[in-house]
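Enquirer: coordinates only, sequence not included:
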Ligand SMILES: NC(=O)c1ccc[n+]([C@@H]2O[C@H](COP(=O)([O-])OP(=O)(O)OC[C@H]3O[C@@H](n4cnc5c(N)ncnc54)[C@H](O)[C@@H]3O)[C@@H](O)[C@H]2O)c1
Ligand SMILES: CC(C)[C@H](C(=O)O)[C@@H](O)C(=O)O
Ligand SMILES: [Mg+2]
């Protein structure tokens, strides 16, 4: 393993964010020890915590720290405490979306992997998951209806604009086809081309990009059908390519197939090696502060950071293996437990995974 000294901006945020982040940092410390690498971690406020401390959801110091870092490890933001604020000032729109835009994080990878040990935790019938499930949602993250203008409100009328440029569709499609090449060589592109003009362009451009990838099979699917097919026959999917909003919705659905939102990590990538890594779920106000949140999505997000931003594929794999080993031993947080499992909290789950990373000398 080459000597490495990477700088990580740690933005834990709100709700369960700080609780699960503590466990991800613990696992990264185990990686340092085992692989002889060094990470410099610097924490900064973001979201509601930043609103409380600095009066803005995304303070300048936080953006500066991110700029000086090699990657961002993000927790989650938002919660009932800040819901009274105007929408643009709330943590999600005031911090998360600007961060994605500022750093050009256009490619959001959300792998939904059903660990064989957790097939029972999925709401799907076990026979639908036989042989496991490994789907990745490739979501366009800096365009579409989230960012299109005009958007606004005029009294009782409110509007958003769904706009996509050819270049935006082309670059995210390439990410999806490249991902498929290293997997099962199937891309399902999601659109609503029967209704939306922007989606007609989406389908056209994805079809053009596919010509450069004759080894990858492309299927187009309307989003409503895709939502249904995901629960009917999830194994038909390998790479799901979608725009910003459809990808948001389908990735939560895909996450739940794995048993819990607490299992789904994500990587938001810019051109080059910079990225932001965060669980796909939110700040879970209903369980925050109770020490029961599942830290695995945050820990696996850190693992994705090691792979995609730092090229530490082996260390990434070591974390996935450690998670599998702890699940093999029957330890579960409440969201993925069933009778007979050993129920543990956030802290113990993190400690056990970190111990496995340290123990499996590779
Ligand atoms: N990336 C982000 O920061 C992000 C993402 C989604 C939602 N949010 C925000 O989070 C707040 C709450 O949103 P929500 O309730 O709709 O979605 P949520 O994802 O926070 O929670 C949905 C459900 O999943 C459960 N859950 C989520 N993560 C879990 C974990 N690690 N372990 C166990 N259970 C877990 C929660 O307890 C809840 O029952 C809102 O303000 C929302 O805007 C932020
Ligand atoms: C909190 C919200 C802005 C965010 C999104 O819609 O992108 C979240 O749902 C996600 O999936 O990361
Ligand atoms: Mg979402």
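Expert: Nice, thanks for sending it over. None of these values were measured; they are calculated from a predicted model. Ligands and ions are numbered 1, 2, ... in the order given.
Enquirer: Around residue 55, how many other residues sit close by?
Expert: 9 (other CB atoms under 10 Å). C-beta: built from backbone N, CA, C; applies to glycine.
Enquirer: and the residue nearest to residue 181 when sequence neighbours are not counted, what is it in contact with?
Expert: Counting by CB to CB, 6 or more residues apart in numbering, residue 181 lies nearest to residue 216, which is 6.3 Å off, once chain neighbours are set aside. With contacts defined as CB atoms under 8 Å, 6 or more residues apart in numbering, residue 216 is in contact with 177, 180-181, 185-187, 210.
Enquirer: Surely residue 133 is in contact with residue 113?
Expert: Yes. With contacts counted by CB atoms under 8 Å, residue 133 reaches residue 113, the gap being 7.0 Å.
Enquirer: which residues do these two both contact?
Expert: residue 258.
Enquirer: residue boundaries of the helices in the stretch 101-250 of the chain?
Expert: 166-181, 197-210, 223-232, 244-257 (DSSP state H, counting those that start in this stretch).
Enquirer: Save these as a markdown table, and put in mean pLDDT, distance to ligand 2 and mean neighbour count too.
Expert: Shown next, in a markdown table, are the helices of the stretch 101-250 of the chain (pLDDT from 0 to 100; distance: least, CB to the nearest ligand atom, whole Å; neighbours: other CB atoms under 10 Å):
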| stretch | mean pLDDT | distance to ligand 2 | mean neighbour count |
| --- | --- | --- | --- |
| helix 166-181 | 98 | 15 | 19 |
| helix 197-210 | 98 | 18 | 18 |
| helix 223-232 | 97 | 15 | 16 |
| helix 244-257 | 94 | 4 | 21 |
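Enquirer: Confirm that residue 281 sits in a helix.
Expert: No. Per DSSP: H, G, I helix; E, B strand; the rest coil, residue 281 lies outside any helix segment and is coil.
Enquirer: Now for the closest residue to residue 95 other than its chain neighbours, how many residues are close by?
Expert: Nearest residue to residue 95 in three dimensions, chain neighbours excluded: residue 57, at 3.9 Å (CB to CB, 6+ apart). When neighbours are defined as other CB under 10 Å, residue 57 has 32 of them.
Enquirer: Surely residue 57 touches residue 94?
Expert: Yes. If you go by CB under 8 Å, residue 57 and residue 94 touch, sitting 3.3 Å apart.
Enquirer: Need the residues touching each of these two.
Expert: The contact sets of residue 57 and residue 94 overlap at 47, 51 (CB under 8 Å, 6+ apart).
Enquirer: list the contacts for the spatially most central residue of the chain?
Expert: When the chain is reduced to its mean C-alpha position, the closest residue under CA atoms, centre = their mean turns out to be residue 266, at 2.0 Å. Contact analysis of residue 266 by CB under 8 Å, 6+ apart lists 108-110, 251, 277-280, 301, 304.
Enquirer: returning to that earlier point: can you tell me how far the residue nearest to residue 181 is from residue 109?
Expert: 16 Å (CB to CB, to the nearest Å).
Enquirer: Just the element for residue 265, please.
Expert: Using DSSP states H and E, residue 265 is not contained in any helix or strand.
Enquirer: Within range of ligand 2, give me the residues from this protein.
Expert: 92, 96-97, 248, 280, 282 (CB under 6 Å from any ligand atom).
Enquirer: From those residues, which shows the smallest pLDDT?
Expert: When those are compared by pLDDT, residue 280 scores lowest at 88.
Enquirer: Just give the nearest non-adjacent residue to it, would you?
Expert: Among residues not flanking residue 280 along the chain, residue 264 sits closest, at 4.1 Å (CB to CB, 6+ apart).
Enquirer: ok so, going back, compare the contacts of residue 266 and tell me which has the most neighbours.
Expert: Highest neighbour count within the contacts of residue 266: residue 279, with 32 neighbours (other CB under 10 Å).
Enquirer: What's the mean pLDDT across the longest helix along the chain?
Expert: If you go by DSSP state H, the chain has its longest helix at helix 17-35. For helix 17-35, mean pLDDT is 98.
Enquirer: ok, back up a step: ok, which of the helices of the stretch 101-250 of the chain comes nearest residue 67?
Expert: Of all those, helix 166-181 sits nearest to residue 67, with 22.1 Å by CB to CB.
Enquirer: Which strands or helices does the closest one pack on?
Expert: When contacts are defined as 3 or more CB pairs under 8 Å, 6 or more residues apart in numbering; DSSP states H and E, helix 166-181 sits against strand 107-114, strand 133-140, strand 186-191, helix 197-210, strand 239-242.
Enquirer: how about 7 Å then?
Expert: strand 133-140, strand 186-191, helix 197-210, strand 239-242 (3 or more CB pairs under 7 Å, 6 or more residues apart in numbering; DSSP states H and E).
Enquirer: Look at stretch 270-288 and report the distance between its end residues.
Expert: One end of stretch 270-288 to the other measures 31 Å (CA to CA, to the nearest Å).
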